[in-house]
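Undergrad: Got a predicted structure here, sequence first:
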Amino acid sequence: MGQYHKLPISVLDTFPGADAEAVHGLFLEELRDFHRKIVVLDDDPTGVQTVHGVSVYTDWEQESLMEGIQEENNMFFILTNSRSFSAQKTEEEHRLIAERSAKAAAACHKELLFVSRGDSTLRGHYPLEPEVLKETLEEQNGKSVHGQILCPFFLEGGRFTIDSIHYVKEGDWLVPAGQTEFAADKTFGYKASHLGEYLEEKSGGRYRKEDGIYITLSLLREQKLAEITELLMQAENFRPVFVDAIAQSDVEAFAVCLLRAIKAGKEFIIRSAAAVPKVLGNVSDRPLLGRRELLGGVDAGMEKGEKCGETSNYGGIVLIGSHVKKTTQQLEALKDSGVPAEFLEFRVDACLQEGGLAGERDRIIAEAERVMGQGRTAVVYTSRELLAPEGMDREDMLKLSVEISDAVTGVIAGLHRKPRFLIAKGGITSSDVGTKALGVRRASVPGQAQPGIPVWKTGPESKFPGLSYIIFPGNVGDKDTLKKIVELLA
């Protein structure tokens, strides 16, 4: 495995500039006669952090899939939340999604293109998820899937891929992903930073670094589109394709070639971070959502039975489940901000006692409602120490984390009144809040509260209809980003 060094952030300015406008024009030209529906399977709710005007479905019932496929938009998201699943459950659910999607597409006379949206810091069930999709789709429609594409670039989160080495921005440096705290994840840890080595590591050697197709920045920036397309045409037997990118124009240049290869008969499953769906969905840039848009122009403290215009000083709530270093720094910055808030620690060691988590949940609900009733913000956060009982394997660790997450998100499920605003921090936490606590079946995405921080507008079926639910990934933002959002809304 190669040894790679961190790079100064200034290295991003040393590459030949791309004519972004010309590339975008070429992409639009190819997209014009590309009529497939793009289905994005999101392993946590943060995959919509670059898009707006799209739907997110939280189930994969036939009715929901048919509804998504028949939407006017060329893309919709399905929140699988599979990052909180065991490998076995991930396989079972992805097989079910692929089977039902294939049947729904046939009924609607529509072809699909699947994007498996994963973490930009390379955590998740990979390559399992794309492999299950490939196998199931081949069984369903008899068409071979020739290649798998890996493109973890995510500008808003500071994730860049150069010479197939994936980097995470930390301050003024680009740090090889395998040397970051994310690579030490207790469930999805890894050592490699080179994408070819990463796939070789994660697959146990079933895919070899030297067998990959590499789409480099030099190919993209020099717009060698015919050469890139020819490389894609060489894909067979689910051969991996690794894509460099440091700007959206790089993804668009690659997408031009991808669409050409698909039109020429090649089939691919895409594994990416949030940048690729934005490009394939042709989603425009838009300003960050402001206070009025987030609070909806009416008092967000209204209960279901209250009428528009009734006043209330009811407060909002922040729920923090993520334990990564960046989240802890953001929590500390919020504590030092002076916002009218009370900080409530959810003691996760309660899991060591019979019925302890349920008791802790009920205590926090009462405290949070007291704080919000005073017009202040309740900031609920899990203990910063990670529980790792001796002898517990990865699957058991995942199971314990799900039990704790269920209790933490149960705080939102137990609220008796609609909060002024709701922010959930962390992938598993935010997913469980959306699906289990709020009961959302379909949400719309109006945009982002800060770069890389998406917002759901909850549907009429949810616990609190019309709530702007802010989904804050654990590994995104600067130290003061959480503070900025709370100051805007509190």
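TA: Happy to help now that I have it. Residues are numbered from 1 along each chain as shown.
Undergrad: alpha carbons only for contacts and neighbour counts from here, please
TA: Fine.
Undergrad: so what's the spatially closest residue to residue 378 that is not a sequence neighbour bridging to?
TA: Leaving aside its chain neighbours, residue 378 sits nearest to residue 317 (4.7 Å; criterion: Cα to Cα, 6 or more residues apart in numbering). Beta bridges link residue 317 to residue 378, residue 422, judged by DSSP bridges.
Undergrad: what's near enough to touch residue 317?
TA: Residue 317 is in contact with 368, 372, 377, 378, 379, 380, 419, 420, 421, 422, 423, counting by Cα atoms under 8 Å, 6 or more residues apart in numbering.
Undergrad: Flag the shaky bits of the stretch 51-200 of the chain, pLDDT-wise.
TA: Of all residues in the stretch 51-200 of the chain, none has pLDDT under 70.
Undergrad: just the contacts of residue 317 now: which is nearest residue 166?
TA: residue 423 (29.3 Å; Cα to Cα).
Undergrad: burial count for the closest one?
TA: When neighbours are counted by other Cα atoms under 10 Å, residue 423 registers 22.
Undergrad: Any buried residues in stretch 164-172, and which?
TA: 164, 165, 166, 167, 168, 169 (16 or more other Cα atoms under 10 Å).
Undergrad: Revised request: answer the last question for stretch 218-232.
TA: For stretch 218-232, by 16+ other Cα under 10 Å, it's 219, 220, 221, 223, 225, 228, 229, 231, 232.
Undergrad: for the first one, helix, strand, or coil?
TA: Under DSSP: H, G, I helix; E, B strand; the rest coil, the three-state class of residue 219 is helix.
Undergrad: what do you get for residue 405?
TA: Using three-state DSSP, the structure places residue 405 in helix.
Undergrad: What strand or helix carries the residue lying closest to it once chain neighbours are set aside?
TA: Distances taken as Cα to Cα, 6+ apart place residue 429 nearest to residue 405, at 6.0 Å, with adjacent residues excluded. In the assignment (DSSP states H and E), residue 429 maps to helix 427-432.
Undergrad: so what secondary structure elements neighbour that helix?
TA: When contacts are defined as 3 or more Cα pairs under 8 Å, 6 or more residues apart in numbering; DSSP states H and E, helix 427-432 packs onto helix 394-413, strand 468-472.
Undergrad: For the helix or strand following that helix, which outside residues touch it?
TA: Next helix or strand after helix 427-432 toward the C-terminus (DSSP H and E): strand 442-450. By Cα under 8 Å, 6+ apart, the surrounding residues in contact with strand 442-450 are 48-58, 286, 288-290, 294, 454-459, 470, 481, 485.
Undergrad: tell me which strands and helices whichever strand or helix holds residue 166 is in contact with?
TA: When elements are assigned from DSSP H and E, residue 166 belongs to strand 165-170. Applying 3+ Cα pairs under 8 Å, 6+ apart, we find strand 165-170 packed against strand 159-162, strand 173-176.
Undergrad: hmm, try it at 10 Å
TA: Helices and strands touching strand 165-170, by 3 or more Cα pairs under 10 Å, 6 or more residues apart in numbering; DSSP states H and E, are strand 7-8, strand 159-162, strand 173-176, helix 195-202.
Undergrad: Let's have those in TSV, adding mean neighbour count and distance to residue 274.
TA: Converted to TSV, the helices and strands packed on strand 165-170 look like this (neighbours: other Cα atoms under 10 Å; distance: least, Cα to Cα, whole Å):
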stretch	mean neighbour count	distance to residue 274
strand 7-8	14	23
strand 159-162	23	11
strand 173-176	22	19
helix 195-202	22	17
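Undergrad: Quick check: which of those is nearest to residue 17?
TA: strand 159-162 (14.7 Å).
Undergrad: Mind giving me the packing neighbours of that closest one?
TA: Counting contacts by 3+ Cα pairs under 10 Å, 6+ apart, strand 159-162 is packed against strand 165-170, strand 173-176, helix 217-221, strand 239-243.
Undergrad: so how many other residues sit close to the nearest residue to residue 437 once chain neighbours are set aside?
TA: Distances taken as Cα to Cα, 6+ apart place residue 413 nearest to residue 437, at 4.2 Å, with adjacent residues excluded. Residue 413 has 19 neighbours, counted by other Cα under 10 Å.
Undergrad: coming back round to it: now, the contacts of strand 442-450 that are in strands?
TA: Counting by DSSP state E, the part of the contacts of strand 442-450 found in strands is 54, 55, 56, 57, 454, 455, 456, 457, 470.
Undergrad: Who does the fifth one form a beta bridge with?
TA: Read that as residue 454. Going by DSSP bridges, residue 454 forms beta bridges with residue 448.
Undergrad: just checking, it touches residue 54?
TA: No - assessed by Cα atoms under 10 Å, residue 454 is found out of contact with residue 54, at 11.6 Å.
Undergrad: Which residue of those two possesses the greater neighbour count?
TA: Using other Cα under 10 Å as the criterion, residue 454 and residue 54 rank with residue 454 on top: 27 against 21.
Undergrad: Of the buried residues of stretch 218-232, which pair is most distant in space?
TA: 221 and 232 (17.2 Å).
Undergrad: Could you pull up the contacting residues of residue 193?
TA: Neighbouring residues of residue 193 by Cα atoms under 10 Å, 6 or more residues apart in numbering: 1-4, 121-122, 161, 164-167, 175-180, 183, 199.
Undergrad: A helix includes residue 279, no?
TA: Yes - counting by three-state DSSP, residue 279 is found in a helix.
Undergrad: could you measure it against residue 107, distance?
TA: 27 Å (Cα to Cα, to the nearest Å).
Undergrad: rewinding a little: take the contacts of residue 317 and write them to JSON lines, including distance to residue 403 and pLDDT.
TA: Converted to JSON lines, the contacts of residue 317 look like this (distance: Cα to Cα, whole Å; pLDDT from 0 to 100):
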{"residue": "368", "distance to residue 403": "21", "pLDDT": "98"}
{"residue": "372", "distance to residue 403": "26", "pLDDT": "97"}
{"residue": "377", "distance to residue 403": "26", "pLDDT": "97"}
{"residue": "378", "distance to residue 403": "22", "pLDDT": "98"}
{"residue": "379", "distance to residue 403": "21", "pLDDT": "97"}
{"residue": "380", "distance to residue 403": "17", "pLDDT": "97"}
{"residue": "419", "distance to residue 403": "24", "pLDDT": "96"}
{"residue": "420", "distance to residue 403": "27", "pLDDT": "94"}
{"residue": "421", "distance to residue 403": "25", "pLDDT": "95"}
{"residue": "422", "distance to residue 403": "22", "pLDDT": "97"}
{"residue": "423", "distance to residue 403": "21", "pLDDT": "97"}
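Undergrad: Whichever of these end up buried, select them in PyMOL.
TA: The PyMOL selection below is limited to those of these classed as buried (16+ other Cα under 10 Å):
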select buried, resi 368+372+377+378+379+380+419+420+421+422+423
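Undergrad: Kindly indicate which of the contacts of residue 317 lies nearest residue 464.
TA: Using Cα to Cα, residue 419 is the member of the contacts of residue 317 that sits closest to residue 464, with 8.6 Å.
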